[in-house]
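1. based on what follows, work out the 3D shape:
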Amino acid sequence: MSLMMKEVSFRYPQGAFRFSCDAFSVSAGECVVINGANGSGKSTMLKLLVGILRPDKGCIYCDNDDTKEYQLFQFGQKIGYLFQEPDRQLFASTALEELTFLPLILGESERTHTERAEGLLATFALKRLEENSVLTLSRGEKQRLALCALLMQQPPYLLLDEPTTGLDEYARNQLGEYVRDLCSSGVGIVLVTHDHACASWADRIISLDAGVVAA
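-> Predicted structure coming up:
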């Protein structure tokens, strides 16, 4: 099982930037780190993988399914995407509500989703803030909460765009341990970062140079 790009190219409607990838994949249980200079196309690559952008040419496969006909919600069922700016994906009033409102809408039992939410908040040192307004959280706390919200849905693949931004050394190490635990449980992770410390989390490191993917 894998999330895969094959002979993909993409150009924004306005501007000369072009993204190109002959072949890329992340397998279940694997962590792939993507590095490259600012403007090299790292975020573009993640947005193509999660369906926010659609390739001009080529194919993207998720567990052997061609995602050409996927709706965005179908991508969301398989792939969790952490934006660089956590404010873009936080909607609820409090930290706990952020993790429980979607499972509640989907009809999951309150006990089940509350236990999972409180466990994640404890893991990422947010338990004491569970009743706090999301607006009062720091940048690093929001980043961790947005990641918790993704993990609540238990997607088989995670795309993390600069997940260590705003985290201190302790929180960064804690995130690294959790990434390794997730991979051990079979989750495939693609992690975009400038943080060299994250290299130790990777099974493979891929470089992007001016929009071109190279091993």
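
2. name the nearest residue to Asp203, ignoring sequence neighbours.
-> Glu30 (4.9 Å; CB to CB, 6 or more residues apart in numbering). No exception for glycine: its C-beta is placed from N, CA and C like everyone else's.

3. just checking, Gly80 touches Leu158?
-> Yes. Using CB atoms under 8 Å, Gly80 is in contact with Leu158, at 4.8 Å.

4. what's the overlap in contacts for the two?
-> 150-151 (CB atoms under 8 Å, 6 or more residues apart in numbering).

5. hmm, back to that, can you tell me which residues contact the residue nearest to Asp203?
-> Taking CB under 8 Å, 6+ apart, one finds 183, 188-189, 203-204 in contact with Glu30.

6. what do you get if the cut-off is 10 Å, keeping everything else the same?
-> 2-3, 157, 183, 186-190, 202-204 (CB atoms under 10 Å, 6 or more residues apart in numbering).

7. return the per-residue confidence for it.
-> Listed pLDDT for Glu30 reads 96.

8. with Ser27 instead?
-> In this model, Ser27 carries a pLDDT of 95.

9. what's the neighbour count on the closest residue to Arg116 other than its chain neighbours?
-> Of all residues not flanking Arg116 in the chain, Met152 sits nearest, at 6.3 Å (CB to CB, 6+ apart). Neighbourhood size, Met152 [other CB atoms under 10 Å]: 20.

10. cool, and Ser2?
-> Counted with other CB under 10 Å, Ser2 comes out at 15.

11. quick one: it and Val190 touch, right?
-> No. Ser2 lies out of contact with Val190 (CB atoms under 10 Å); the separation is 11.1 Å.

12. from the contacts of Glu30, which is closest to Phe91?
-> Tyr157 (22.2 Å; CB to CB).

13. please tell me how far that closest one sits from Ala202.
-> 15 Å (CB to CB, to the nearest Å).

14. out of these two, which sits in the more crowded spot?
-> Taking neighbours as other CB under 10 Å, Tyr157 and Ala202 compare with Tyr157 leading, 24 against 19.
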